[in-house]
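In: following is a predicted model, sequence given first.
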Amino acid sequence: MTEASWRHRRARPCDALDLLNLTRLTAAEMFPPSERGRGVAAIQVSAIFGAVFGPILLGLSKPIGDLIGRAPLEFVWFLAPPLLLTSAFIIRGITEPRDIAERVTQSTGVGAAARPITLPLHSTRMILTGAVTIAASQAAMAAVMGVAGAAVAHAGHDVSVLSVLMFLHFIGMFGLSLVVGRLADRIGRRSTMSIGLALLATGGTVVALIQTAFGLGAGLLLVGLGWSFGFIAGTVLVTDVTAPARRARIMGRVDLVSQLTSGLIAVGGGWWFAMHGVAGLGVLAIAVAATPVTLLLLTREAKPGRYLGQIGTDPI
């Protein structure tokens, strides 16, 4: 049995959303380490269009549906096939990103240490650092976002207030992605992740101390911005220390862990909110954001995209 057929037999069906989430890895692979943050940020910026136009389209679905004699949700589903087919047509002739990644790796030498079947200990630690940071960013956001609607309703506000809060949160998540990507390339992944965790903790503090709609809005903005820092820099870090042939598999595992963690926090957040109110949500976000700090303190980055091993000063 050839290696290709063996890999094919090992393949497992996966959710389309999982594949789409890995598009950020595709962008990261096509850039050299010095510009990798910018590549991931470009994908994050594209999410703004979905975040903005999705609710607009949903709002227009009723009048347009009434005009053409279709139910609102039925009209929305009719739009999906042409949009997806158009996207498929656009990407049909592109070069395989992993082939580009192989050429980038060969030209820069970065990631060569991650080629063996068993990852070096320092590479494993770096992957763990990126994974825990991404998971903590997702979980801290879920701690506040999971029950934001209930918190707004509990405070006596209507849907218009919730829509403004969600808008602020989405601006924090995606609005400064290009800036965050540039920072990851300029000041390093470690520093960018540290800023993200600090922003997450600050957002949790604001939510805990200012228990009003204004406080929740400011906290959600900061939490979204902290998520952007942690998610982009963590993704770039994992890409830096893994070989192209293994990146998708490792990033998929990282995403699985982060999503499971977010789910647990979101479910527990409802119970925590019932017991401790909005202030408890802020404290929970702070606790989650503090989790990766020790790993970040052990991370030694000689310059953006170049890391020091456990022994000596040779980059990975």
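Out: That came in fine, so what should we check first?
In: going forward, measure contacts between C-alpha atoms and count neighbours the same way
Out: Will do.
In: which pLDDT value belongs to Ala27?
Out: You'll see Ala27 listed with a pLDDT of 77.
In: now do the helices in the stretch 201-316 of the chain.
Out: Ranges of helices in the stretch 201-316 of the chain, per DSSP state H, counting those that start in this stretch, are 213-240, 244-289, 293-298.
In: repeat for the stretch 51-200 of the chain
Out: Using DSSP H, counting those that start in this stretch, helices in the stretch 51-200 of the chain cover 72-91, 97-108, 121-145, 148-154, 159-170, 177-186, 189-209.
In: got JSON lines for those helices, with mean pLDDT, distance to Thr26 and mean neighbour count too?
Out: Conversion of the helices of the stretch 51-200 of the chain to JSON lines gives the following (pLDDT from 0 to 100; distance: least, C-alpha to C-alpha, whole Å; neighbours: other C-alpha atoms under 10 Å):
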{"stretch": "helix 72-91", "mean pLDDT": "75", "distance to Thr26": "13", "mean neighbour count": "12"}
{"stretch": "helix 97-108", "mean pLDDT": "64", "distance to Thr26": "6", "mean neighbour count": "16"}
{"stretch": "helix 121-145", "mean pLDDT": "83", "distance to Thr26": "17", "mean neighbour count": "25"}
{"stretch": "helix 148-154", "mean pLDDT": "65", "distance to Thr26": "32", "mean neighbour count": "18"}
{"stretch": "helix 159-170", "mean pLDDT": "75", "distance to Thr26": "23", "mean neighbour count": "17"}
{"stretch": "helix 177-186", "mean pLDDT": "93", "distance to Thr26": "15", "mean neighbour count": "22"}
{"stretch": "helix 189-209", "mean pLDDT": "89", "distance to Thr26": "18", "mean neighbour count": "25"}
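In: with Thr294 as the reference, name the closest of those helices.
Out: helix 121-145 (9.1 Å; C-alpha to C-alpha).
In: between the closest one and helix 159-170, how big is the angle?
Out: On the basis of axes from the mean of the first three to the mean of the last three C-alpha atoms, to 10 degrees, helix 121-145 is oriented at 160 degrees to helix 159-170.
In: chain center to helix 121-145, what's the gap?
Out: 10 Å (C-alpha atoms, centre = their mean, to the nearest Å).
In: kindly report the same for stretch 171-183.
Out: 12 Å.
In: and for stretch 293-300?
Out: Distance, centroid of stretch 293-300 to centroid of chain: 20 Å (C-alpha atoms, centre = their mean).
In: could you pull up the mean pLDDT of it?
Out: Per-residue scores along stretch 293-300 average to 84.
In: what comes up buried for that stretch?
Out: Neighbour counts using 16 or more other C-alpha atoms under 10 Å place 293, 295-296, 299-300 of stretch 293-300 among the buried residues.
In: now swap in stretch 217-231 and tell me
Out: 217-231.
In: poorly predicted segments of the stretch 201-316 of the chain, please.
Out: 269-270, 273-274, 276, 278, 281, 308-316 (pLDDT under 70).
In: quick check, Phe174 in contact with Ala47.
Out: Yes. In this structure Phe174 lies within contact range of Ala47 using C-alpha atoms under 8 Å: 7.0 Å.
In: these two: who's more crowded?
Out: Neighbour count, other C-alpha atoms under 10 Å: between Phe174 and Ala47, Phe174 has more, with 25 against 15.
In: and that one, what is it in contact with?
Out: 44-45, 47-48, 224-225, 228 (C-alpha atoms under 8 Å, 6 or more residues apart in numbering).
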